[in-house]
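K.L.:
model this:
(one chain, ligands or ions: 1)
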Amino acid sequence: MSSKITKAVIPVAGLGTRFLPATKTVPKELLPIVDKPLLLHIIEECAQAGIEDVILVTGRGKTAIEDFFDTSYELEDALAKSGKQELLEKVQALKSLVNIISIRQQEAKGLGHAIYTAQPILGNDAFAVLLGDEVMISDENTPSATGELCSLYQETKTSSVAVMEVPKADVQKYGIVACDSVGTNRWKIQNVIEKPHPEEAPSQLALPGRYVFSTKILSNLKNTKPGKNGEIQLTDAMCALAQSDGLLGMTVQARRYDAGDKFGFLQANIEMGLQHPEVQDQLKKYLKTLAKTL
Ligand code: UTP
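P.N.:
Take a look at the predicted model:
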(Lines give C-alpha, C1' and ligand atoms only; values in the text may rest on other atoms or scores of the structure.)
Protein backbone atom coordinates (compact mmCIF):
# COMPACT_ATOMS: atom_id res chain seq x y z
CA MET A 1 0.00 0.00 0.00
CA SER A 2 1.33 3.39 -1.00
CA SER A 3 0.71 6.52 1.08
CA LYS A 4 0.71 8.75 -2.03
CA ILE A 5 -2.85 9.83 -2.69
CA THR A 6 -3.73 9.32 -6.36
CA LYS A 7 -7.53 8.92 -6.24
CA ALA A 8 -10.25 11.37 -5.33
CA VAL A 9 -14.02 11.05 -5.04
CA ILE A 10 -16.20 14.03 -5.95
CA PRO A 11 -19.87 13.49 -5.13
CA VAL A 12 -22.04 15.42 -7.60
CA ALA A 13 -25.34 13.56 -7.33
CA GLY A 14 -27.15 15.98 -5.01
CA LEU A 15 -30.37 17.67 -6.11
CA GLY A 16 -29.10 21.25 -5.70
CA THR A 17 -32.41 22.44 -4.24
CA ARG A 18 -30.87 25.69 -2.91
CA PHE A 19 -30.32 26.77 -6.49
CA LEU A 20 -33.70 25.95 -8.03
CA PRO A 21 -34.98 26.70 -10.59
CA ALA A 22 -31.49 27.07 -12.18
CA THR A 23 -30.60 23.49 -11.25
CA LYS A 24 -33.77 21.86 -12.59
CA THR A 25 -31.96 20.81 -15.78
CA VAL A 26 -28.40 22.17 -15.33
CA PRO A 27 -26.23 20.41 -12.72
CA LYS A 28 -25.15 23.00 -10.14
CA GLU A 29 -21.58 21.72 -10.49
CA LEU A 30 -21.56 23.16 -14.03
CA LEU A 31 -22.72 26.66 -13.09
CA PRO A 32 -19.91 29.00 -14.12
CA ILE A 33 -17.59 30.98 -11.92
CA VAL A 34 -16.62 33.62 -14.47
CA ASP A 35 -15.83 31.28 -17.39
CA LYS A 36 -15.16 27.93 -15.71
CA PRO A 37 -17.76 25.56 -14.26
CA LEU A 38 -17.30 25.33 -10.54
CA LEU A 39 -16.48 21.63 -10.87
CA LEU A 40 -13.51 22.50 -13.09
CA HIS A 41 -12.01 24.61 -10.28
CA ILE A 42 -12.31 21.51 -8.07
CA ILE A 43 -10.78 19.16 -10.66
CA GLU A 44 -7.88 21.62 -11.08
CA GLU A 45 -7.35 21.47 -7.31
CA CYS A 46 -7.13 17.66 -7.64
CA ALA A 47 -4.61 17.85 -10.49
CA GLN A 48 -2.51 20.35 -8.53
CA ALA A 49 -2.43 17.94 -5.57
CA GLY A 50 -1.11 15.09 -7.75
CA ILE A 51 -4.42 13.21 -7.98
CA GLU A 52 -4.55 11.07 -11.12
CA ASP A 53 -8.00 9.43 -11.00
CA VAL A 54 -11.16 11.31 -10.11
CA ILE A 55 -14.30 9.32 -9.40
CA LEU A 56 -17.41 11.40 -10.00
CA VAL A 57 -20.45 10.07 -8.18
CA THR A 58 -23.22 11.27 -10.45
CA GLY A 59 -26.95 10.83 -10.65
CA ARG A 60 -29.93 11.30 -12.96
CA GLY A 61 -29.88 14.57 -14.87
CA LYS A 62 -26.11 14.94 -14.53
CA THR A 63 -24.84 13.49 -17.82
CA ALA A 64 -23.73 16.98 -18.94
CA ILE A 65 -20.94 16.62 -16.36
CA GLU A 66 -19.51 13.53 -18.08
CA ASP A 67 -19.86 15.21 -21.49
CA PHE A 68 -17.94 18.23 -20.24
CA PHE A 69 -14.79 16.12 -19.74
CA ASP A 70 -15.23 14.14 -22.99
CA THR A 71 -14.37 14.85 -26.62
CA SER A 72 -16.75 17.26 -28.34
CA TYR A 73 -16.24 16.44 -32.04
CA GLU A 74 -18.46 19.14 -33.58
CA LEU A 75 -17.13 21.91 -31.37
CA GLU A 76 -13.48 20.90 -31.77
CA ASP A 77 -13.90 20.56 -35.53
CA ALA A 78 -15.59 23.98 -35.80
CA LEU A 79 -12.89 25.65 -33.68
CA ALA A 80 -10.13 24.00 -35.76
CA LYS A 81 -11.73 25.02 -39.09
CA SER A 82 -12.20 28.61 -37.96
CA GLY A 83 -8.58 28.84 -36.78
CA LYS A 84 -9.50 29.39 -33.10
CA GLN A 85 -6.44 27.49 -31.95
CA GLU A 86 -6.26 28.97 -28.46
CA LEU A 87 -9.87 28.06 -27.67
CA LEU A 88 -9.40 24.61 -29.19
CA GLU A 89 -6.42 23.96 -26.92
CA LYS A 90 -8.40 25.14 -23.89
CA VAL A 91 -11.24 22.74 -24.71
CA GLN A 92 -8.90 19.82 -25.45
CA ALA A 93 -6.87 20.38 -22.27
CA LEU A 94 -9.93 19.48 -20.17
CA LYS A 95 -9.49 15.83 -21.18
CA SER A 96 -5.95 15.48 -19.93
CA LEU A 97 -6.18 17.08 -16.47
CA VAL A 98 -7.03 13.80 -14.69
CA ASN A 99 -8.68 10.47 -15.58
CA ILE A 100 -12.41 10.82 -15.06
CA ILE A 101 -14.30 7.74 -13.90
CA SER A 102 -18.00 7.99 -13.16
CA ILE A 103 -20.43 5.90 -11.20
CA ARG A 104 -24.09 6.51 -10.44
CA GLN A 105 -25.68 6.99 -7.07
CA GLN A 106 -29.17 5.75 -7.87
CA GLU A 107 -30.90 7.69 -5.10
CA ALA A 108 -29.68 10.82 -3.32
CA LYS A 109 -29.44 9.12 0.08
CA GLY A 110 -26.87 11.50 1.50
CA LEU A 111 -23.20 12.40 1.26
CA GLY A 112 -22.03 9.29 3.16
CA HIS A 113 -23.99 7.06 0.79
CA ALA A 114 -22.58 8.92 -2.24
CA ILE A 115 -19.01 8.28 -1.10
CA TYR A 116 -19.72 4.62 -0.37
CA THR A 117 -21.05 4.30 -3.94
CA ALA A 118 -17.44 4.77 -5.17
CA GLN A 119 -16.21 1.81 -3.08
CA PRO A 120 -15.93 -0.73 -5.96
CA ILE A 121 -13.45 1.58 -7.73
CA LEU A 122 -11.37 2.63 -4.75
CA GLY A 123 -9.14 -0.37 -3.96
CA ASN A 124 -7.02 -0.41 -0.81
CA ASP A 125 -5.34 2.97 -0.84
CA ALA A 126 -6.33 6.14 0.99
CA PHE A 127 -8.24 8.63 -1.13
CA ALA A 128 -9.31 12.26 -1.13
CA VAL A 129 -12.90 13.54 -1.11
CA LEU A 130 -13.82 16.99 -2.41
CA LEU A 131 -17.39 18.24 -2.28
CA GLY A 132 -18.65 19.12 -5.74
CA ASP A 133 -20.03 22.52 -4.77
CA GLU A 134 -17.31 23.82 -2.43
CA VAL A 135 -14.66 25.82 -4.27
CA MET A 136 -11.31 26.35 -2.51
CA ILE A 137 -8.89 28.76 -4.13
CA SER A 138 -5.30 29.04 -2.97
CA ASP A 139 -2.85 31.81 -3.81
CA GLU A 140 -0.11 31.21 -6.32
CA ASN A 141 2.81 29.27 -4.80
CA THR A 142 0.56 28.05 -1.95
CA PRO A 143 -0.51 24.39 -1.84
CA SER A 144 -4.17 23.65 -2.47
CA ALA A 145 -6.36 22.49 0.42
CA THR A 146 -6.28 18.92 -0.94
CA GLY A 147 -2.51 19.20 -1.44
CA GLU A 148 -2.08 20.17 2.21
CA LEU A 149 -4.24 17.27 3.40
CA CYS A 150 -2.40 14.76 1.17
CA SER A 151 0.93 15.91 2.68
CA LEU A 152 -0.46 15.60 6.21
CA TYR A 153 -1.70 12.08 5.45
CA GLN A 154 1.67 11.09 4.01
CA GLU A 155 3.40 12.43 7.12
CA THR A 156 1.06 10.93 9.73
CA LYS A 157 -0.71 8.00 7.94
CA THR A 158 -3.85 9.27 9.66
CA SER A 159 -7.07 10.35 7.95
CA SER A 160 -7.06 14.14 7.77
CA VAL A 161 -9.75 16.69 7.03
CA ALA A 162 -9.88 20.44 6.47
CA VAL A 163 -11.45 22.60 9.17
CA MET A 164 -12.23 26.31 9.22
CA GLU A 165 -13.55 28.70 11.83
CA VAL A 166 -17.10 29.98 11.21
CA PRO A 167 -19.24 32.53 13.11
CA LYS A 168 -21.25 30.98 15.96
CA ALA A 169 -24.55 31.80 14.23
CA ASP A 170 -23.47 29.71 11.21
CA VAL A 171 -22.53 26.45 12.98
CA GLN A 172 -25.94 24.97 12.15
CA LYS A 173 -25.02 24.94 8.43
CA TYR A 174 -22.02 22.61 8.88
CA GLY A 175 -20.52 19.50 10.43
CA ILE A 176 -18.76 20.86 13.55
CA VAL A 177 -15.83 19.15 15.27
CA ALA A 178 -14.96 18.64 18.91
CA CYS A 179 -11.16 18.63 18.98
CA ASP A 180 -7.89 19.34 20.82
CA SER A 181 -5.07 21.40 19.41
CA VAL A 182 -1.99 19.31 18.51
CA GLY A 183 0.18 22.04 16.96
CA THR A 184 -0.14 25.10 14.76
CA ASN A 185 -3.29 24.73 12.65
CA ARG A 186 -3.60 21.04 13.57
CA TRP A 187 -6.29 19.36 15.62
CA LYS A 188 -7.03 15.90 16.95
CA ILE A 189 -10.73 15.37 16.28
CA GLN A 190 -12.70 13.57 18.99
CA ASN A 191 -16.20 13.91 17.63
CA VAL A 192 -18.18 15.42 14.74
CA ILE A 193 -21.69 16.79 15.05
CA GLU A 194 -23.84 17.41 11.99
CA LYS A 195 -25.42 20.90 11.88
CA PRO A 196 -25.66 21.51 15.65
CA HIS A 197 -27.70 24.27 17.29
CA PRO A 198 -25.28 27.14 18.18
CA GLU A 199 -25.78 26.46 21.91
CA GLU A 200 -24.87 22.77 21.48
CA ALA A 201 -21.88 23.17 19.15
CA PRO A 202 -18.62 21.91 20.72
CA SER A 203 -16.56 24.51 18.77
CA GLN A 204 -16.79 26.90 15.83
CA LEU A 205 -14.55 24.70 13.68
CA ALA A 206 -16.50 23.51 10.65
CA LEU A 207 -15.82 21.00 7.88
CA PRO A 208 -15.63 22.85 4.55
CA GLY A 209 -15.64 19.73 2.35
CA ARG A 210 -12.07 18.53 1.86
CA TYR A 211 -10.97 15.19 3.26
CA VAL A 212 -8.33 12.44 2.94
CA PHE A 213 -9.52 9.10 4.30
CA SER A 214 -8.05 5.66 4.79
CA THR A 215 -10.35 2.94 3.41
CA LYS A 216 -11.55 2.32 6.98
CA ILE A 217 -14.12 5.07 6.30
CA LEU A 218 -15.74 2.75 3.73
CA SER A 219 -16.35 -0.05 6.22
CA ASN A 220 -17.68 2.56 8.66
CA LEU A 221 -20.03 3.95 5.98
CA LYS A 222 -21.25 0.44 5.19
CA ASN A 223 -22.34 0.10 8.83
CA THR A 224 -23.76 3.62 9.18
CA LYS A 225 -27.52 3.80 9.65
CA PRO A 226 -29.51 6.76 8.27
CA GLY A 227 -28.99 9.73 10.60
CA LYS A 228 -30.02 13.40 10.45
CA ASN A 229 -32.73 13.97 7.74
CA GLY A 230 -32.87 10.20 7.12
CA GLU A 231 -29.58 10.40 5.14
CA ILE A 232 -26.41 8.30 5.51
CA GLN A 233 -24.24 10.99 7.08
CA LEU A 234 -20.49 11.12 6.43
CA THR A 235 -20.08 12.81 9.81
CA ASP A 236 -21.42 9.70 11.62
CA ALA A 237 -18.82 7.49 9.90
CA MET A 238 -16.13 10.09 10.70
CA CYS A 239 -16.99 9.91 14.42
CA ALA A 240 -16.43 6.16 14.38
CA LEU A 241 -13.14 6.68 12.50
CA ALA A 242 -11.97 9.33 15.00
CA GLN A 243 -12.61 6.92 17.85
CA SER A 244 -11.05 3.79 16.29
CA ASP A 245 -8.10 5.01 14.16
CA GLY A 246 -7.81 8.73 14.93
CA LEU A 247 -8.73 11.68 12.73
CA LEU A 248 -6.76 14.89 12.25
CA GLY A 249 -8.09 18.33 11.39
CA MET A 250 -6.04 20.98 9.61
CA THR A 251 -6.86 24.67 9.15
CA VAL A 252 -6.00 25.05 5.46
CA GLN A 253 -4.79 28.23 3.75
CA ALA A 254 -7.19 28.34 0.78
CA ARG A 255 -10.16 30.71 0.52
CA ARG A 256 -13.41 28.81 0.43
CA TYR A 257 -16.69 29.56 -1.33
CA ASP A 258 -19.87 27.59 -0.79
CA ALA A 259 -20.80 27.84 -4.45
CA GLY A 260 -23.88 25.63 -3.95
CA ASP A 261 -25.42 28.54 -2.06
CA LYS A 262 -26.66 31.69 -3.84
CA PHE A 263 -24.59 34.18 -1.83
CA GLY A 264 -21.41 32.03 -1.89
CA PHE A 265 -21.80 31.65 -5.65
CA LEU A 266 -22.11 35.42 -6.18
CA GLN A 267 -19.11 36.05 -3.89
CA ALA A 268 -17.00 33.57 -5.84
CA ASN A 269 -17.95 35.19 -9.14
CA ILE A 270 -17.14 38.70 -7.93
CA GLU A 271 -13.85 37.81 -6.23
CA MET A 272 -12.63 35.62 -9.08
CA GLY A 273 -13.86 38.15 -11.63
CA LEU A 274 -11.62 40.69 -9.92
CA GLN A 275 -8.67 38.40 -10.64
CA HIS A 276 -9.59 37.52 -14.21
CA PRO A 277 -7.37 39.40 -16.71
CA GLU A 278 -10.18 39.83 -19.27
CA VAL A 279 -12.76 41.43 -16.97
CA GLN A 280 -10.99 42.63 -13.80
CA ASP A 281 -10.59 46.33 -14.80
CA GLN A 282 -14.15 46.65 -16.08
CA LEU A 283 -15.57 44.86 -13.01
CA LYS A 284 -13.55 46.97 -10.55
CA LYS A 285 -14.78 50.17 -12.19
CA TYR A 286 -18.36 48.90 -12.20
CA LEU A 287 -18.27 47.87 -8.52
CA LYS A 288 -16.85 51.25 -7.49
CA THR A 289 -19.63 53.08 -9.32
CA LEU A 290 -22.24 50.69 -7.95
CA ALA A 291 -20.96 51.06 -4.37
CA LYS A 292 -21.64 54.82 -4.50
CA THR A 293 -25.32 54.14 -5.19
CA LEU A 294 -25.82 51.65 -2.31
P1 UTP B 1 -25.25 19.28 -0.53
O2 UTP B 1 -26.22 18.92 0.50
O3 UTP B 1 -24.56 20.58 -0.45
O4 UTP B 1 -25.85 19.20 -1.99
O5 UTP B 1 -24.18 18.11 -0.66
P6 UTP B 1 -27.29 19.13 -2.55
O7 UTP B 1 -28.11 18.16 -1.83
O8 UTP B 1 -27.14 18.97 -4.02
O9 UTP B 1 -27.73 20.65 -2.31
P10 UTP B 1 -29.03 21.34 -1.77
O11 UTP B 1 -28.81 21.46 -0.29
O12 UTP B 1 -30.23 20.50 -2.15
O13 UTP B 1 -29.03 22.67 -2.45
C14 UTP B 1 -22.78 18.31 -0.81
C15 UTP B 1 -22.26 17.57 -2.01
O16 UTP B 1 -22.60 16.18 -1.94
C17 UTP B 1 -23.29 15.77 -3.10
C18 UTP B 1 -23.84 17.05 -3.73
O19 UTP B 1 -23.93 16.91 -5.15
C20 UTP B 1 -22.83 18.11 -3.32
O21 UTP B 1 -21.77 18.21 -4.25
N22 UTP B 1 -24.34 14.80 -2.72
C23 UTP B 1 -25.20 15.07 -1.71
C24 UTP B 1 -24.43 13.60 -3.42
O25 UTP B 1 -23.64 13.35 -4.35
N26 UTP B 1 -25.40 12.71 -3.06
C27 UTP B 1 -26.27 12.97 -2.07
O28 UTP B 1 -27.12 12.09 -1.79
C29 UTP B 1 -26.17 14.18 -1.37
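K.L.:
The stretch 1-150 of the chain: helices as residue ranges?
P.N.:
Using DSSP state H, counting those that start in this stretch, the helices of the stretch 1-150 of the chain run over 38-48, 63-68, 73-81, 85-93, 111-117, 119-122, 145-156.
K.L.:
helices and strands around the longest helix seen in the chain, which ones?
P.N.:
Longest helix in the chain by number of residues, with DSSP state H as the criterion: helix 280-293. Counting contacts by 3 or more C-beta pairs under 8 Å, 6 or more residues apart in numbering; DSSP states H and E, helix 280-293 packs against helix 262-273. In this view, the C-beta of every residue, glycine as well, is placed from N, C-alpha and C.
K.L.:
Near the ligand, which residues of the stretch 151-294 of the chain? Just list them.
P.N.:
Within reach of the ligand by C-beta under 6 Å from any ligand atom, the stretch 151-294 of the chain has these residues: residue 260.
K.L.:
Just give the nearest non-adjacent residue to residue 190, would you?
P.N.:
residue 178 (4.8 Å; C-beta to C-beta, 6 or more residues apart in numbering).
K.L.:
and the one helix or strand the one you found maps to, how far from the chain's centre?
P.N.:
Assigned by DSSP states H and E, residue 178 falls within strand 175-181. Distance of strand 175-181 from the chain centroid (C-alpha atoms, centre = their mean, to the nearest Å) equals 20 Å.
K.L.:
so what does it touch, helix or strand wise?
P.N.:
strand 186-194, strand 205-206, helix 234-244.
K.L.:
now the angle from the longest one to strand 175-181?
P.N.:
Looking back up the chat, that one is helix 234-244. Helix 234-244 and strand 175-181 are oriented at 20 degrees to each other (axes from the mean of the first three to the mean of the last three C-alpha atoms, to 10 degrees).
K.L.:
Which SSE is immediately downstream of helix 234-244?
P.N.:
Criterion used, DSSP H and E; the element after helix 234-244 is strand 248-251.
K.L.:
For the ligand, see how far away residue 253 is.
P.N.:
22 Å (C-beta to the nearest ligand atom, to the nearest Å).
K.L.:
can you count the residues close to the closest residue to that residue other than its chain neighbours?
P.N.:
Excluding its sequence neighbours, the residue lying closest to residue 253 (C-beta to C-beta, 6+ apart) is residue 142, at 5.4 Å. For residue 142, the number of neighbouring residues by other C-beta atoms under 10 Å comes to 13.
K.L.:
Can you tell me which of the helices of the stretch 1-150 of the chain is packed in deepest?
P.N.:
helix 111-117 (a mean of 24; mean count of other C-beta atoms under 10 Å).
K.L.:
neighbouring contacts of it?
P.N.:
For helix 111-117, contacts defined as C-beta atoms under 8 Å, 6 or more residues apart in numbering pick out 9, 11, 13-14, 57, 103-105, 107-108, 129, 131, 217-218, 221-222, 224, 231-237.
K.L.:
One more: stretch 141-157?
P.N.:
By C-beta under 8 Å, 6+ apart, stretch 141-157 touches 3-5, 8, 45-46, 48-51, 126, 128, 130, 136, 138, 158-162, 186, 208, 210-212, 214, 248, 250, 252-254, 256.
K.L.:
redo that, cut-off 7 Å
P.N.:
Identification of contacts with stretch 141-157 by C-beta atoms under 7 Å, 6 or more residues apart in numbering yields 3-5, 45-46, 48-50, 126, 128, 130, 136, 138, 160, 162, 210, 212, 248, 250, 252-254.
K.L.:
Phi and psi next, for the residue in the stretch 1-150 of the chain that the ligand sits nearest to.
P.N.:
Nearest residue of the stretch 1-150 of the chain to the ligand (C-beta to the nearest ligand atom) works out as residue 14 at 2.1 Å. Residue 14 adopts backbone torsions of phi -70, psi 160, taken as degrees, to the nearest 10.
K.L.:
Look up how far residue 11 lies from the closest residue to it other than its chain neighbours.
P.N.:
Leaving aside its sequence neighbours, residue 14 sits nearest to residue 108 (C-beta to C-beta, 6+ apart; 5.9 Å). The span separating residue 108 from residue 11 equals 10 Å under the rule C-beta to C-beta, to the nearest Å.
K.L.:
Check residue 248 too.
P.N.:
22 Å.
K.L.:
More neighbours: which of the two?
P.N.:
More crowded of residue 248 and residue 11, by other C-beta under 10 Å: residue 11, with 28 against 23.
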